[in-house]
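K.L.:
Quick one: sequence and predicted model below, then my questions.
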Amino acid sequence: MNWFSNLLSSTLGRKLVMALTGLFLILFLAVHLAGNLQLLKNDEGQAFNIYAHFMTSNPLIKVISYVNYAFILLHIVWAIILTRRNRAARGPQGYAVSNNTSHWSSRNMGILGTFIALFLIIHLRGFWYEMHWGGIATANYDGVDYKNLYAVVDAAYSQWWYVTIYVVSMILLAFHLYHGFGSAFQTLGLNHVKYNPVIKFVGVAFAIIVPALFALIPIVMFLD
């Protein structure tokens, strides 16, 4: 197993971990968005509450959720390690010649990631914590009681400051995804001159559409 530990301790190994965890989190974002769009249904939260109940009670989904939390932490820790190593390699004066041809998001992934991590803390405190330990009222559908998580979300999205934080965070997430999507494929060696345009197109589309739809939800609920 020495080769495995050596790989993980190397810069390449850490980049591989970042790429794999990043792609997993990208997939999670797509699934999470599909669930959150239930909030826009005009049914007083029924579809969202039933969806949330399924996601928090299904054993397989719960395991996947725990893996997702672990990957988020791993992604953050590895990002910090890589950022510190890169800064140490540049030295106190930085490189003699600065390469400014890269996109702004690629040069500021650490800053973007930090703000996104702060948003996650606020988001998890407001929803995940309340879901598990908050005194949430129930809603009854067809004789079955469900936690009324829609009411928690609706209350949060009625506050202009929270909606503002959410929307700004989604803009930052868009820049983070813009670089991260293509970078993950490149790190894993999946880029090819023939397929690079497709990968770039899908990456840009994902980086724009997914955060935009996430941001649309609190805006619509706030204005409703």
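P.N.:
Arrived safely, thanks for sending.
K.L.:
average pLDDT for the helix or strand that residue 197 is a member of?
P.N.:
Here residue 197, judged by DSSP states H and E, is contained in helix 196-223. In this model, helix 196-223 has a mean pLDDT of 92.
K.L.:
Can you list the buried residues in that helix?
P.N.:
Neighbour counts over helix 196-223 (16 or more other C-beta atoms under 10 Å) mark 199, 203, 206-207, 210-211, 214-215, 217-218, 221-222 as buried. No exception for glycine: its C-beta is placed from N, CA and C like everyone else's.
K.L.:
now swap in stretch 47-54 and tell me
P.N.:
By 16+ other C-beta under 10 Å, the buried positions in stretch 47-54 come out as 47-53.
K.L.:
Next, residue 142: phi, psi?
P.N.:
As for residue 142, its main-chain torsions (degrees, to the nearest 10) stand at phi 50, psi 40.
K.L.:
What number of residues are in the vicinity of it?
P.N.:
Residue 142 has 6 neighbouring residues, counting by other C-beta atoms under 10 Å.
K.L.:
Residue 80 now?
P.N.:
Around residue 80 there are 14 other residues, counting by other C-beta under 10 Å.
K.L.:
Same check on residue 118?
P.N.:
12.
K.L.:
quick one: whichever helix in the chain runs longest to chain centroid distance?
P.N.:
Criterion DSSP state H: the longest helix present in the chain is helix 59-90. Counting by C-alpha atoms, centre = their mean, to the nearest Å, helix 59-90 is centred 11 Å from the centre of its parent chain.
K.L.:
Stretch 120-134 now?
P.N.:
Chain-centre distance of stretch 120-134: 15 Å, with C-alpha atoms, centre = their mean.
K.L.:
Tell me the buried residues in it?
P.N.:
123, 126-127, 130-131.
K.L.:
Over to stretch 182-196?
P.N.:
Buried residues in stretch 182-196, counted by 16+ other C-beta under 10 Å: 182-185, 187, 191.
K.L.:
Could you do stretch 32-45 as well?
P.N.:
The neighbour-count check on stretch 32-45 (16+ other C-beta under 10 Å) flags 36-39, 45 as buried.
K.L.:
where exactly do the strands run in the chain?
P.N.:
For the chain, strands defined by DSSP state E occupy the ranges 138-141, 144-147.
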